[in-house]
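Student: model this:
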Amino acid sequence: MGIKFYRPTSAARRHGSVLDFSELTKCEPEKSLLEPQRKTGGRNNHGHITSRHIGGGHKQKYRIIDFKRDKDTIPAKVAHIEYDPNRSARIALLHYNDGEKRYILAPVGLNVGDNVESGVEVEPKVGNSMPLAHIPVGLEVHNIEQFPGSGGKIARSAGMAARLSAREGDHALLVMPSGELRKIHINCRATIGRVGNLDHQNVSLGKAGRARHMGRRPKVRGVAQNPVAHPMGGGEGRSAGGRASCSPTGVLSKGGKTRKRNNPSARFILRRRPAGPHYRQG
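Tutor: Model prediction:
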C-alpha cells in the first residue's frame, strides 16, 4: 500500500495523488453481497435540500458489511482484499467453513489466506472479534459496539482504532481516536487491530473534478455570501466574519462543541475530547 504521485503535466496533475491499490487482490465484488444504492442529492421527500454540498458522483452499489460479527465458533478464511467505494477502509471477503461468505473491514496486517474467528474464547489476534470482557487490556480495537448486539459503530474509517485502557465492573474504558475516554459495556463486541488503508488521509485530490466524481458539490464561503443567506455574510469589502465559523443555520463548525448538554450518553464519557484548533470559546 502506498501513494502514487503523477508528473505535473497539467495544473490538476501537479498536486494530485492517488493510492496505488497494491493490496487489492480482486477487482469485481461478490454479487451475493451487493445491494442497489439510490442517490438523494441531499434532498428529502419534499425535494428540499436538507444536506448541503451533495450531488452527482459515480454510480455505486452498496457492499453488505458484517458489523455484528455474530457467527461464533465457525472459522473463516480471508479470500480477498477488495475496494469499497462507500467507505475509506478496505474490506475483506471471508469464506466460512459452512460455505457462507461475508465482508468485514480489513484491519492492518490481515492478509489473504489468514484465518479469523469470532466468539468468547478465541485467540486475541488481528481480525478476530470478541466481547470487550475477553480482550487483553492495552490492545487496539475497531468496529466497536455501543450497545451489546447493536453492531459496530465506533472506529470504522481508515486508520482508526481505540485502545482498551482498563475495565471497571461491567464497563470497559476505551480511549477513542479523538482522545475522548468513554465507558462501554463489557458485553459489547470489538475487533482486534487497527482499520487498514492508513494512507487514505495523505491523498490529495488535486482538482475540483475529483471531488465531483465522489459526489461532493462546491462549497461557498460564508463571508462571501449575502447577509440574508449566511450569518457571516455581508460587509463593505472583505470581512473576517466577526464570529466563530458556522453554517447558514448558525451551527458551529471547525471544532465548535455542538453536543447536547443533556444527552443521555454523557454519563459514559469520563474525559471529553479536546476542542478543535480553530475553535475559541467565549
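Student: list the contacts of residue 231.
Tutor: Going by C-beta atoms under 8 Å, 6 or more residues apart in numbering, residue 231 touches 222, 243, 246, 248, 250. From N, CA and C alone the C-beta is placed, and that goes for glycine too.
Student: check which helix or strand it maps to.
Tutor: Secondary structure assignment for residue 231, by DSSP states H and E: no helix or strand.
Student: which phi and psi does it have?
Tutor: When read as degrees, to the nearest 10, the backbone of residue 231 gives phi -60, psi -20.
Student: now a PyMOL select for only the buried ones of the contacts of residue 231.
Tutor: In PyMOL, a selection of the buried entries from the contacts of residue 231 looks like this (16 or more other C-beta atoms under 10 Å):
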select buried, resi 222+246
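Student: out of the contacts of residue 231, who's nearest residue 101?
Tutor: Using C-beta to C-beta, residue 248 comes nearest to residue 101 of the contacts of residue 231, at 45.2 Å.
Student: so the closest one touches residue 228, yeah?
Tutor: No. Checked against C-beta atoms under 8 Å, the pair residue 248 and residue 228 is beyond contact range at 10.0 Å.
Student: ok, which pair from the contacts of residue 231 is furthest apart?
Tutor: Spanning the widest gap among the contacts of residue 231 are 243 and 248, at 13.1 Å by C-beta to C-beta.
Student: tell me which residues in stretch 220-229 are buried?
Tutor: Buried residues in stretch 220-229, defined by neighbour count with 16+ other C-beta under 10 Å: 222-223.
Student: distance from that stretch to the middle of the chain?
Tutor: In terms of C-alpha atoms, centre = their mean, to the nearest Å, the centre of stretch 220-229 is found 30 Å from the chain centre.
Student: same question, stretch 63-82
Tutor: Distance, centroid of stretch 63-82 to centroid of chain: 18 Å (C-alpha atoms, centre = their mean).
Student: measure that stretch end to end?
Tutor: End-to-end distance for stretch 63-82: 10 Å, by C-alpha to C-alpha, to the nearest Å.
Student: where does the stretch 151-282 of the chain have low pLDDT?
Tutor: Scanning the stretch 151-282 of the chain for pLDDT under 70 picks out the ranges 275-282.
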